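> Quick one, fold the following:
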Amino acid sequence: MFDVEPIGPIPRPLPDAEAASVRFDALYRAEFVKLAGALRLLSGESTTADDVAQETFVRAWERWDRVDSLEQPAGWLYVTAFRMIRRRLGRERRRPALEQGSVGRPGAHDSSVGDDDGATDGSCWSEHWRRCRCGNAKP
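Numbers count the residues shown, from 1 in each chain. This next block holds a predicted model:
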């Protein structure tokens, strides 16, 4: 009754999209373990470090057109991951004050709580990282 032409085989992904996927996979395989290890040194917690490393790669995939065009996409990963873990550690440091209800009341400011991105003096970093960063590493 209807004259319908076959639509043909399902088209393969465009070569550019396939190549981008291969490049992302190569970056993931080359950098994930190293990135997670660096984040473990900063946070002192493997679960937090692995979560942030995974979140970083999700963000990279969401922005892959831009990240892939960078000269050093691994650099973007590390900067993004370090910023993410710094914010997370800052939030975790502030959580006890929030749970006690002292935040937001006049005169209840706790000077040990850092700014939005964590403490600038390095107090939100793990003890190992502070010793290395400040040059106080024990031989």
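> For the rest of this, base every contact and every neighbour count on C-alpha atoms.
Will do.
> which intervals of the chain have sub-threshold pLDDT?
Low-confidence segments of the chain (pLDDT under 70): 1-15, 97-139.
> Quick one: the strands in this protein, in order.
Assigned by DSSP state E, the chain shows no strands.
> which residues of this structure fall in helices?
For the chain, the helices defined by DSSP state H cover 15-43, 46-62, 64-68, 73-100, 127-133.
> Need the CA coordinates for the third one. CSV is fine.
Listed next in CSV are the C-alpha coordinates belonging to helix 64-68 (Å, rounded to 0.1, in the frame of the first residue of the first chain):
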residue,chain,number,x,y,z
TRP,A,64,35.5,17.2,25.8
ASP,A,65,35.3,19.4,22.7
ARG,A,66,37.1,22.2,24.7
VAL,A,67,39.4,19.9,26.8
ASP,A,68,40.5,17.9,23.8
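> mind listing what's buried in it?
Across helix 64-68, burial judged by 16 or more other CA atoms under 10 Å covers 64, 67-68.
> what's in contact with that helix?
The contact list for helix 64-68 (CA atoms under 8 Å, 6 or more residues apart in numbering) reads 20, 23-24, 60, 73, 76.
> And those, which is closest to Leu41?
Of all those, Trp76 has the smallest distance to Leu41: 18.7 Å, by CA to CA.
> Can you tell me the closest non-neighbouring residue to that closest one?
In space, and not counting its chain neighbours, Trp76 is closest to Val67: 7.2 Å by CA to CA, 6 or more residues apart in numbering.
> In CSV, list the buried residues of helix 64-68 along with distance to Thr47.
Shown next, in CSV, are those (distance: CA to CA, whole Å):
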residue, distance to Thr47
Trp64, 25
Val67, 26
Asp68, 28
